[in-house]
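S.K.: coordinates for the following, if possible.
(chains A and B)
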Number of protein chains: 2
Amino acid sequence: MTEDTELLERPEPTPEDGDPATPTLRERVKAAVDARDAGQLNALLEPLPLSAALRQLLTLSADDRDTVLELVPTELAAALVEEAPHAAATELVERLEWDRAAEIIDVLDSDLQADLIGDLDSEDAEAILAELEPEDAADVRRLVAYEDDTAGGLMVAEAFKFPVTATVGAVLRSFVDEDQDFERYRGQHPYVIDAEGRPVGVVSLRGLLVAKRSEKLSAIMIEPIVVTVDTMLDELQDLFDRHSFLGLPVVEADGRLVGVVSRAAINAAALERAESEALKLQGVGDELRSMPLWLRSRRRLMWLSANIVLNVIAASVISAYEETLAAVIAIAVFLPMVSDMSGCSGNQAVGVTMRELSLGLVQPKDAMRVWLKELSVGAINGLALGVLIALVAWLWKGNVWLGAVIGAALALNTMLAVSIGGVVPLVLKRLGQDPAVASGPLLTTITDMAGFFLVLSLASLLMPYLI
Amino acid sequence: MTEDTELLERPEPTPEDGDPATPTLRERVKAAVDARDAGQLNALLEPLPLSAALRQLLTLSADDRDTVLELVPTELAAALVEEAPHAAATELVERLEWDRAAEIIDVLDSDLQADLIGDLDSEDAEAILAELEPEDAADVRRLVAYEDDTAGGLMVAEAFKFPVTATVGAVLRSFVDEDQDFERYRGQHPYVIDAEGRPVGVVSLRGLLVAKRSEKLSAIMIEPIVVTVDTMLDELQDLFDRHSFLGLPVVEADGRLVGVVSRAAINAAALERAESEALKLQGVGDELRSMPLWLRSRRRLMWLSANIVLNVIAASVISAYEETLAAVIAIAVFLPMVSDMSGCSGNQAVGVTMRELSLGLVQPKDAMRVWLKELSVGAINGLALGVLIALVAWLWKGNVWLGAVIGAALALNTMLAVSIGGVVPLVLKRLGQDPAVASGPLLTTITDMAGFFLVLSLASLLMPYLI
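M.R.: Presented below is the predicted three-dimensional model:
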């Protein structure tokens, strides 16, 4: 609830703004790193927008990155780590000396502390935890245990809480006194807890302002909306959509208040999920170019190797019809086209279903309804594309029957691809698989096989007209 | 700053939760619609999570959707419109009678009002504006004029402002008195404006609590961070990343305070942008299955028709080598495979660049650096995939030279696809094109042509060994 202390800082003028990474700036940063000139590094990076400062950092070599994070003020180092995407942040921290890593982690919110510590190997994690205040370290250990994308995984352990016997005056005084810790409670209402640590009330800002200072909190508090540590991200999003508060108190199974999940943390988690979803489709995940070459190469290859197997399966259909192909070689020109077009049509339907899934507008049990809806789109688009490619094939190769074969095959296969494409993510989800990862490869294998089969079997049926 | 009034409502227990759209519920909603039973509709929809209620609404026919929005309480109708993705929300509102549409729009925040009004045709828009309070209508007209994804387009017009001569007591009294409007100012600090309406200060909550009631605001205010109406989303995100405040005052070119942009609005805009980016890649955009069939079909077809042209261009390479193909028909089995694999490898690189662009980690001028980085990944993965497919071709078709041709072609084409894929979005962005839309089709056309050419020209060079 107190977002004010920072209002005093105005953002510094940003030199070279709009073009903050000219070679000149990059060279100056590199020179400052080589000279280990802490003052100069801070002078160069601090005024930049955070994303630009991070870009400068990540384009340096790994050793130079370490140097920057050692030399710049802890606050700036922490801001850069916080701005970095998750995987990059972990890599930045795990390369640092333990004491420096602990200094940086110490100023982060406890949810980010737990995210980072949870991703380090256990030796690094223990060493860094040993450098923190025992109380903070205990908070982090507790938070690490919760699943990502639950209230437990997204909350901060610090709660702005008062005993039920406290007075309004006590809360108001704490606004004035607890200068240092105050920032940690931003976006929180004062929560009122009973002797067992259970949240029994929440005090509104207006209530505090309107009440007499001697009044007990129990007289002005209202019943809080509470979530448990295992409440899922989707449900949290819904609660924040429906209500305008900035934070929700989080309780353990026994009802004790163990943290607060903020609207900002929920928004950030939803954004991260949306951004990574699209890339999972291609087997890229959270890759950044600052990661080591072998890691990037290996992760992409794993996905591509699986894709080769699926391609071989699809190609075996062509192989079975080599005689037909040999007789009407022009068909070979159209096979990749049918494969690509059907794949694109099907993936459009996959994309719409994935979006409706993430918006909560469809569920696995809607598969039949989705299939019927996509069948109509598939029929219309199949007809249109079939006629189009039939004309192309006819005019290009001068054989109307060739056009008919290619056109009919594409029309049927588009209908199949679109209707299956809409349903595949729902089926995968029902089977407990991640639809973002498996939908694309599964769909294109099916549509390739069906497309090749349709073209080649129609061609062998109509062979006399084609040669 | 006042997120409290709603704290009084606890979310109602959600019947059939976890499975809120069983046929039973859907049938009961439909029955209530048919009976035009307003009470029953509210009883069924109000307790659901908003996303589930919206799912119920969007699976109804268009006429039934109108009925629901007419019958349920205005607050619920507005919540559903607010929850709906942008395009669906516009469609819901434009079908309603003007007076009902105006009632619903009236309770939305002014930034959402402007989004909706801006998307209606001008006759509907004028009719609905005529139903609003003249002051509100003027706000909306003003907001509609600003670009999306700027502070002007994302702000609300209502600002929580006080003249510089007001006292602390006046602000505190307004917390108590302005009950009705208070909700609109959530996430705002009280801003202090001068006689010309320019923001000259902002008052922190702590300042208000600590100060005497008779004190002038000018004595406790601090200088505000101000953005102009044309500040872009990226810059706003950066400001909110660096500072913990919940809103920023927005000024016109002449310095007058014209609105406030909230952290929540910035987060929502960033999330919407991330979600639509991935779908633009496939020509699907913001399609939902609740949209009319012909619209969905036409939008997908536009993209697919362009894709056919690109496919024909690529296939013309195959056509030029029909003689080679006729001599070594086994090659036809591998052409779609080379096309698909290279496309996937290249699109992985496109995906990483798109992500780094959206995170601000690369810029168009980094193209050369990105190209070199991807060239290494492409070389490693090309080698690995080339060897793999060479083995497959050799073992399958029993000709080691065939394996060599296919393997060498895939290896070279993967290197090409990966290195070009990393750079294509940067080049398109430099040329002022939307990289999300054009990168995929452009890349796969290039890699298809190059792949077909490599396979077939190598094959004709080595023809004696292949037959």
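S.K.: only C-alpha atoms for contact and neighbour calcs from this point on.
M.R.: Will do.
S.K.: quick check: which element contains the residue lying closest to residue A:339 once chain neighbours are set aside?
M.R.: If the residues on either side of it in the chain are set aside, residue A:339 comes closest to residue A:448, at 5.1 Å by CA to CA, 6 or more residues apart in numbering or on different chains. Element membership for residue A:448 (DSSP states H and E) is helix A:435-461.
S.K.: now that helix, how far from the centre of its chain.
M.R.: Centroid separation for helix A:435-461 versus its chain: 30 Å, with CA atoms, centre = their mean, to the nearest Å.
S.K.: for residue A:401, what are its contacts?
M.R.: Contact partners of residue A:401, counting by CA atoms under 8 Å, 6 or more residues apart in numbering or on different chains, are A:394, A:462, A:465-466.
S.K.: tell me the one of those nearest chain B?
M.R.: Nearest to chain B among these: residue A:394, at 12.9 Å, using CA to the nearest CA.
S.K.: neighbours of the closest one, how many?
M.R.: As a burial measure, residue A:394 scores 17 neighbours (other CA atoms under 10 Å in any protein chain shown).
S.K.: hang on, it packs against residue A:405?
M.R.: No - using CA atoms under 8 Å, residue A:394 is not in contact with residue A:405; the gap is 10.0 Å.
S.K.: picking up where we left off before, measure the residue nearest to residue A:339 to residue A:455 for me?
M.R.: 11 Å (CA to CA, to the nearest Å).
S.K.: and the gap between residue A:383 and residue A:349?
M.R.: Residue A:383 is 17 Å from residue A:349, by CA to CA.
S.K.: er, residue A:410 actually
M.R.: Residue A:410 is 16 Å from residue A:349, by CA to CA.
S.K.: repeat that for residue A:368.
M.R.: Distance of residue A:368 to residue A:349, computed by CA to CA: 14 Å.
S.K.: compare these two (neighbour count), which wins?
M.R.: residue A:349 (30 against 13).
S.K.: helix or strand next in line after the worst-scoring helix or strand of chain A on mean pLDDT, which one?
M.R.: Sorting the helices and strands of chain A by mean pLDDT, DSSP states H and E puts helix A:179-182 at the bottom, at a mean of 47. The helix or strand immediately downstream of helix A:179-182 is strand A:191-193, counting by DSSP H and E.
S.K.: for that following strand, which strands pair with it and how are they oriented?
M.R.: strand A:161-163 (parallel), strand A:199-202 (antiparallel) (DSSP bridges).
S.K.: please convert the ones you listed to CSV, extending it with mean neighbour count.
M.R.: Converted to CSV, these look like this (neighbours: other CA atoms under 10 Å in any protein chain shown):
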stretch, mean neighbour count
strand A:161-163, 20
strand A:199-202, 24
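S.K.: with mean pLDDT added, can I get the ones you listed in TSV?
M.R.: Shown next, in TSV, are the strands paired with strand A:191-193 (pLDDT from 0 to 100):
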stretch	mean pLDDT
strand A:161-163	90
strand A:199-202	92
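S.K.: that older thread, out of residue A:448 and residue A:455, which sits in the busier spot?
M.R.: Comparing residue A:448 with residue A:455 by other CA under 10 Å, the one with more neighbours is residue A:448, at 29 against 24.
S.K.: without its sequence neighbours, what residue ends up closest to residue A:113?
M.R.: Residue A:113 sits nearest to residue A:105 (CA to CA, 6+ apart), 5.9 Å away.
S.K.: can you tell me the SS state at the one you found?
M.R.: helix (DSSP: H, G, I helix; E, B strand; the rest coil).
S.K.: that one contacts residue A:78, correct?
M.R.: Yes - if you go by CA under 8 Å, residue A:105 and residue A:78 touch, sitting 7.0 Å apart.
S.K.: how about the closest residue to residue A:256 other than its chain neighbours, what does it touch?
M.R.: Nearest in space to residue A:256, with sequence neighbours left out and distances taken as CA to CA, 6+ apart, is residue A:198 at 4.3 Å. By CA under 8 Å, 6+ apart, residue A:198 lies in contact with A:251, A:255-257.
S.K.: returning to that earlier point: just the buried members of the contacts of residue A:401?
M.R.: When the contacts of residue A:401 are checked for burial by 16 or more other CA atoms under 10 Å in any protein chain shown, the buried set is A:394, A:466.
S.K.: now the contacts of residue A:401 in TSV, with secondary structure?
M.R.: Putting the contacts of residue A:401 into TSV (three-state DSSP) gives the following:
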residue	secondary structure
A:394	helix
A:462	coil
A:465	helix
A:466	helix
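S.K.: pick out the most distant pair among the contacts of residue A:401.
M.R.: The most widely separated members of the contacts of residue A:401, counting by CA to CA, are A:394 and A:462 (14.9 Å).
S.K.: shouldn't residue A:258 be within a strand?
M.R.: Yes - using three-state DSSP, the assignment for residue A:258 is a strand.
S.K.: which residue comes closest to it once chain neighbours are left out?
M.R.: Distances taken as CA to CA, 6+ apart put residue A:251 closest to residue A:258, at 5.4 Å, once the chain neighbours are dropped.
S.K.: roughly how far apart are the one you found and chain B?
M.R.: According to CA to the nearest CA, to the nearest Å, residue A:251 and chain B sit 16 Å apart.
S.K.: cool, residue A:435 as well?
M.R.: 15 Å.
S.K.: neighbour-wise, give me the winner out of the contacts of residue A:198.
M.R.: residue A:257 (28 neighbours).
S.K.: could you check the pLDDT of the nearest residue to that one once chain neighbours are set aside?
M.R.: Once flanking residues are discounted, residue A:257 sits nearest to residue A:251: 4.4 Å by CA to CA, 6+ apart. Residue A:251 is assigned a pLDDT of 95 by the prediction.
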